[in-house]
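Peer 1: got a structure for you, letters missing:
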């Protein structure tokens, strides 16, 4: 864990993001797909959304929102993108909120992270 944090801080590396998303299923029990960081930045830009994020935090929040809320409280793609912007840009929040929440969830669920595999 120390090596991971030295390299990425409390943010998603590409491998951590891919591993986290590999455990996600959408509301129809279908796997959620990963997205490259640049592809996600283009998606945001093409929809007029401007939000800063480090590492793969943005793509992670997008995947989480697609898995958990899309088709219900987030009825369309634009609402998902706005959620990502609100979540990561929350003035009351903090820059590592996505990773910290994910890490807390793995602890609560008893999911072991093999840190060497996600560096």
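Peer 2: Looks like it came in fine. Only a predicted model underlies this, so the values are computations on that prediction, with no experimental measurement involved.
Peer 1: ok, the nearest residue to residue 1 once chain neighbours are set aside - contacts?
Peer 2: Nearest non-adjacent residue to residue 1, counting by C-beta to C-beta, 6 or more residues apart in numbering: residue 115, 4.9 Å away. All C-beta atoms are positioned from the backbone trio N, CA, C, and that covers glycine. Contacts for residue 115 were tallied using C-beta atoms under 8 Å, 6 or more residues apart in numbering; they are 1, 3-4.
Peer 1: Which one of the residues you listed is nearest to residue 64?
Peer 2: Using C-beta to C-beta, residue 4 comes nearest to residue 64 of the contacts of residue 115, at 19.6 Å.
Peer 1: Report the buried residues of stretch 112-119.
Peer 2: 113, 118 (16 or more other C-beta atoms under 10 Å).
Peer 1: oh, I was asking about stretch 92-107
Peer 2: Using 16+ other C-beta under 10 Å as the test for burial, stretch 92-107 gives 97-99, 102-103.
Peer 1: And these, which two are furthest apart?
Peer 2: Longest span within the buried residues of stretch 92-107, C-beta to C-beta: 97 and 103, 10.9 Å.
Peer 1: For the closest residue in space to residue 10 that isn't next to it in sequence, give its distance to residue 26.
Peer 2: Nearest residue to residue 10 in three dimensions, chain neighbours excluded: residue 96, at 3.5 Å (C-beta to C-beta, 6+ apart). From residue 96 across to residue 26, the span is 25 Å (C-beta to C-beta, to the nearest Å).
Peer 1: how near is the residue nearest to residue 10 to residue 45?
Peer 2: Per C-beta to C-beta, residue 96 is found 24 Å from residue 45.
Peer 1: what do you get for residue 76?
Peer 2: Taking C-beta to C-beta as the measure, residue 76 falls 18 Å from residue 45.
Peer 1: try residue 8
Peer 2: Relative to residue 45, residue 8 is positioned 24 Å away (C-beta to C-beta).
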